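In: following is a predicted model, sequence given first.
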Amino acid sequence: MLNAGYQRNGFNDGSRQSGYEIEFQLPLFDWGSARVARAETVYMRRLQPRCRARRQSPLRGT
């Protein structure tokens, strides 16, 4: 992730400092496990109504 912006700081003695700020974040330990878990949850929630409908269907031969 890359963020850039303008920064202005004021200090107690009345002096000011201003300039540009660039921030670069490198996700060293992000293997995407949270994204995979969320996708799996969404998939299972969408699958559940279909499974219930099949079990309750009167047209089913068994």
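Out: Looks like it came in fine. Numbering: from 1, shown residues only.
In: nearest the middle, which residue of the chain would you pick?
Out: Most central in the chain under C-alpha atoms, centre = their mean is Arg35, positioned 6.9 Å from the mean C-alpha point.
In: secondary structure class of that one, three-state.
Out: Assigned by DSSP: H, G, I helix; E, B strand; the rest coil, the conformation of Arg35 is helix.
In: kindly report the same for the one 3 residues further on.
Out: Assigned by three-state DSSP, the conformation of Arg38 is helix.
In: how many neighbours does it have?
Out: 10 (other C-beta atoms under 10 Å). C-beta here means a position set from N, CA and C on the backbone, and glycine is covered the same way.
In: cool, and Trp31?
Out: Neighbours around Trp31, by other C-beta under 10 Å: 8.
In: what do you get for Ile22?
Out: Residues near Ile22, counting by other C-beta under 10 Å: 8.
In: for it, give me the pLDDT.
Out: As predicted, Ile22 sits at a pLDDT of 89.
In: got it, and the one 10 residues further on?
Out: Predicted confidence (pLDDT) for Gly32: 82.
In: look up how far Ala39 lies from it.
Out: Per C-beta to C-beta, to the nearest Å, Gly32 is found 10 Å from Ala39.
In: could you confirm Tyr6 falls within a helix?
Out: No - counting by three-state DSSP, Tyr6 is not part of a helix but strand.
In: show me what whichever helix or strand Asn9 is part of is packed up against.
Out: In the assignment (DSSP states H and E), Asn9 maps to strand 2-10. On a contact count with 3 or more C-beta pairs under 8 Å, 6 or more residues apart in numbering; DSSP states H and E, strand 2-10 meets strand 16-24.
In: got the contact list for the strand it packs on?
Out: Met1, Leu2, Asn3, Ala4, Gly5, Tyr6, Gln7, Arg8, Asn9, Gly10, Phe11 (C-beta atoms under 8 Å, 6 or more residues apart in numbering).
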